[in-house]
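Colleague: all I have is the shape, not the residue letters:
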DNA sequence: CTGTTAGCGCATTCAG
DNA sequence: CTGAATGCGCTAACAG
């Protein structure tokens, strides 16, 4: 690999001069500049960002921790992140935690040892251990998707989104509403959305049978299975189901259709996330639009800010209810 | 940031010794090792991968160039890549070309200057300029999704996939088949799939009206628009449509349904890609499963091989036809 | 306008 | 078993 020294030698100047024309800093005679530029062209020399970083103590690289590399959700957030980072000359180094809390911490440490300038953390949990690791790391971090105490965060209003969605279901005339959630270790999705649902049901004095409360993983298949569970053990069927993600809702709705139930006449469905798919299933799925790209952009911008001026910011993103055919008569 | 020198000082040894305990190389007295380890623990010292890379001339980072950061297709390939890279201690540095050929080359050069150990290139085109840039770069490259001349490639059998799909449509009794393709600058998707379709139609002596051949972008909306185009300008409707991607097919099918056409009775649809969505639209979409994750794993493994032993390998991935309700009576 | 010197954080000879 | 010296490729005083 050709280095700055090779260029200096061939051009008959010192490497300082080469560095000057490279960075357009300081004075360089037109003559010397020309020679250097020509040699660079000839050799295809490419300055080592690596060496530069060591010297400059900044890498122009942002570490991005994702729970499950690429689901539609994280993809959309990543797209938003990239918009802003690319614009500002940063690249993203990926680290996936595979939903493993232990590995999540390891990845953070690995990113630290790579000396990334900052980290975007798409966490799913808020363990003490994670928070502890976060405190130890001397790299600016912005959490995306969860509100982490004492850490800059861009998150969604999961509680109120669930409330509004449940409210809408009730207003649409549903009363026997089932729920498909996920494990509580995911605070935003597992706890807050469930809480919003339960509080709303309570407020309206609506019964929530235990068998109508299901917990699943994030897959379509699990949505289907959860619906089976919900409907086998009882004679009275729910007249609607709120699932905490679109995929879960799609799976459940599919199961219902296969059972011969009419959607939305016999039973209605709603999800959260406004995935691509939600619009094209039949009937189209009522859901909550979370503006993931925008959240990504916001998180990136926030991180960039904290690179200049260390601070802790919080930003709660808005959302929009998309009323579609899976729920309306 | 605490460095190896700080550790050495506080532990009362030279940095050589610290390096030795870090890498478990050479002899170190139990006493010294204990002291060093303790100091490291206390200070939270994390060796700089950056400095290490400069010294060792390897970064353990792989550059990944994606056309449009994260679509479902690239996400699935990225997941496959990550499987293998993570397993082998490599991290992925992202670079998106945003479908801009100029930027695609810049990204490659940027990755080179970052001294990534290798590059996975998810190209869409095969311009001479791109191939030229590829030749200049002194970094092992594996192309993913396109077969690039003189470059290691993992690609799909686009031509035969299109042939088999078209053949299946004909066998199902369709004869007036429309086509929704994409721009020819994308060789695999734009040229090969179209060719496969046309050859098959020709072989069966089936007419392909000019207005039945549409070109679109990669969005669902464009699929819808293409179908409108296809059906406004003529009185005779096609009895089936082959779209080069699932999204295009979904858009077109949606448009047909809105027009009051019965699918698959009046008109059938087929796509390529086996996206998540394809299975949950109504009727379920006939499509070709491309095994993107596996392609990603294969590409990663191939790159890893060429890091040890420079070479040019080619691997054509298999595919599977998924016959579903969008085409069968 | 230009070159000399120094050092970023680390691993690796080569002598003890 | 350990340390001193060297250099990876680059930028930044500082002194001409």
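Modeller: That came in fine, so what should we check first? This is a predicted model, so every value here is computed, not measured.

Colleague: can you give me the helices in the stretch 201-329 of chain A?
Modeller: In the stretch 201-329 of chain A, the segments counted as helices under DSSP state H, counting those that start in this stretch are A:220-232, A:246-258, A:292-308.

Colleague: please name the nearest non-neighbouring residue to the residue of the stretch 151-300 of chain A found nearest DNA strand D.
Modeller: Going by CB to the nearest atom of the strand, DNA strand D is nearest to residue A:300 of the stretch 151-300 of chain A, at 25.1 Å. The way it works is simple: take the backbone N, C-alpha and C, and place the C-beta from them, glycine included. Using CB to CB, 6 or more residues apart in numbering or on different chains and skipping the chain neighbours, the partner closest in space to residue A:300 is residue A:84 (3.6 Å).

Colleague: so residue A:301 versus DNA strand D, what's the distance?
Modeller: According to CB to the nearest atom of the strand, to the nearest Å, residue A:301 stands 26 Å off from DNA strand D.

Colleague: which strand or helix spans the nearest residue to that residue once chain neighbours are set aside?
Modeller: In space, and not counting its chain neighbours, residue A:301 is closest to residue A:84: 5.6 Å by CB to CB, 6+ apart. Assigned by DSSP states H and E, residue A:84 belongs to helix A:72-87.

Colleague: next secondary structure element downstream of that helix?
Modeller: Once the chain leaves helix A:72-87, the next helix or strand it forms, by DSSP H and E, is strand A:91-96.

Colleague: what does the stretch 1-150 of chain A put close to chain B?
Modeller: A:1, A:44, A:46-51, A:53-54, A:57, A:59, A:61, A:69-72, A:75-76, A:78-79, A:82, A:86, A:91-96, A:109-110, A:112-115, A:136, A:138 (CB under 8 Å from any CB of the partner chain).

Colleague: the same query, at a cut-off of 6 Å, please.
Modeller: Where proximity means CB under 6 Å from any CB of the partner chain, the interface of the stretch 1-150 of chain A facing chain B comprises A:44, A:46-51, A:53-54, A:69-70, A:75, A:78-79, A:82, A:91-94, A:96, A:112-115, A:136.

Colleague: near DNA strand D, which of these show up?
Modeller: A:47-48, A:51, A:54 (CB under 7 Å from any atom of the strand).

Colleague: just name the closest of those residues to DNA strand C, please.
Modeller: The closest of these, once distances to DNA strand C are taken by CB to the nearest atom of the strand, is residue A:54, at 4.2 Å.

Colleague: show me what contacts that closest one?
Modeller: Contact analysis of residue A:54 by CB atoms under 6 Å, 6 or more residues apart in numbering or on different chains lists B:50-51, B:54.

Colleague: check residue A:210 too.
Modeller: With CB under 6 Å, 6+ apart as the criterion, no residue contacts residue A:210.

Colleague: likewise residue A:39?
Modeller: A:7, A:10-11.

Colleague: redo the residues you listed as TSV? Include neighbour count.
Modeller: Below are those laid out as TSV (neighbours: other CB atoms under 10 Å in any protein chain shown):
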residue	neighbour count
A:7	25
A:10	18
A:11	21
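
Colleague: roughly how far does the residue nearest to the spatial centre of chain A sit from residue A:298?
Modeller: What sits nearest the mean C-alpha location of chain A, by CA atoms, centre = their mean, is residue A:74, with 4.1 Å. Taking CB to CB, to the nearest Å as the measure, residue A:74 falls 15 Å from residue A:298.

Colleague: and what of residue A:244?
Modeller: Look at residue A:244 and residue A:298: by CB to CB, they are 22 Å apart.

Colleague: compare these two (neighbour count), which wins?
Modeller: Applying other CB atoms under 10 Å in any protein chain shown to residue A:244 and residue A:298 shows that residue A:244 carries more neighbours, namely 31 against 20.

Colleague: mind listing what the residue nearest to that one when sequence neighbours are not counted touches?
Modeller: Distances taken as CB to CB, 6+ apart put residue A:193 closest to residue A:244, at 4.6 Å, once the chain neighbours are dropped. Counting by CB under 6 Å, 6+ apart, residue A:193 touches A:158, A:162, A:244.

Colleague: how near is residue A:193 to residue A:208?
Modeller: Distance of residue A:193 to residue A:208, given as CB to CB: 14 Å.
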